[in-house]
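Visitor: one predicted model, sequence on top.
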Amino acid sequence: MQRTRIYLIRHGQVAGYEEKRYNGHADVPLTPEGEAQFGLLQLRLKKKEISAVYSSDLSRCLNGARLLAASHDLEVQSDAQLRELDIGNWEGKTWAELQALYPQEWQARLDDIVNYRVPQGESLNDLADRVRPMMARIAAAHRGEEVLVVAHGGTNRVIILDAIGAPLSCLFAIEQSYGCLNIIDYYADGNAVVHLLNG
């Protein structure tokens, strides 16, 4: 049975990472280390037979995706459907700031990570509803091929949880380090196999 192999990548390290700051749809830049992480991924993937490169339209993904695509003489297909969770009014604030400013809301989100929606933002269910159709289209369009997808920590976790049949409530049971690589095979019957996680 033909499969679509997805090399799923999280963008490299971003400015302000050490402050544990929420970055959702804000277009924060990569650090020099983040750029170097994409360079290492380019070396790891240069001999793969890549047919297409998809990316979130935010620069922390898109700039690295362009580097990876250039190694295979491809253009990046960018799409806002692959963006990180929209964190609404919490955008740009640190975890410490949020716990001090909105202690009840912070706890409410911890208590129901799947359904809680930050004001002016998305719930985890909203993110999944946005990402799932996109991934289904990519898998269907590239049967028998290998594809790169460059996205975000939250986005990737949803994709991986779906691949292994785990509920969204397990979001934080999966690590996604900056610049990590995951490998997932998707089959036409709807099954998926994760070959590499946070590599």
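Guide: Now that the structure is in, tell me what you want to look at.
Visitor: hmm, who's touching the longest helix seen in the chain?
Guide: Ranked by residue count, the top helix of the chain under DSSP state H comes out as helix 124-141. The contact list for helix 124-141 (C-beta atoms under 8 Å, 6 or more residues apart in numbering) reads 4, 6, 52, 54, 79, 81-83, 85-86, 113-117, 122, 147, 149, 154-155, 158-159, 162, 168, 171, 186. Bear in mind the C-beta positions are built from the backbone N, C-alpha and C, glycine included.
Visitor: which of those fall within helices?
Guide: Going by DSSP H, the helices hold 154, 155, 158, 159, 162 from the contacts of helix 124-141.
Visitor: what distance separates the longest helix of the chain from the centre of its chain?
Guide: 12 Å (C-alpha atoms, centre = their mean, to the nearest Å).
Visitor: now the residue nearest the centre of the chain: closest residue in space that isn't a chain neighbour?
Guide: Central residue of the chain (C-alpha atoms, centre = their mean): residue 152, 2.8 Å from the mean position. The shortest distance from residue 152 to any non-neighbouring residue, by C-beta to C-beta, 6 or more residues apart in numbering, is to residue 84 (3.7 Å).
Visitor: go ahead and confirm that neighbour touches residue 27.
Guide: No: using C-beta atoms under 8 Å, residue 84 is not in contact with residue 27, being 10.7 Å away.
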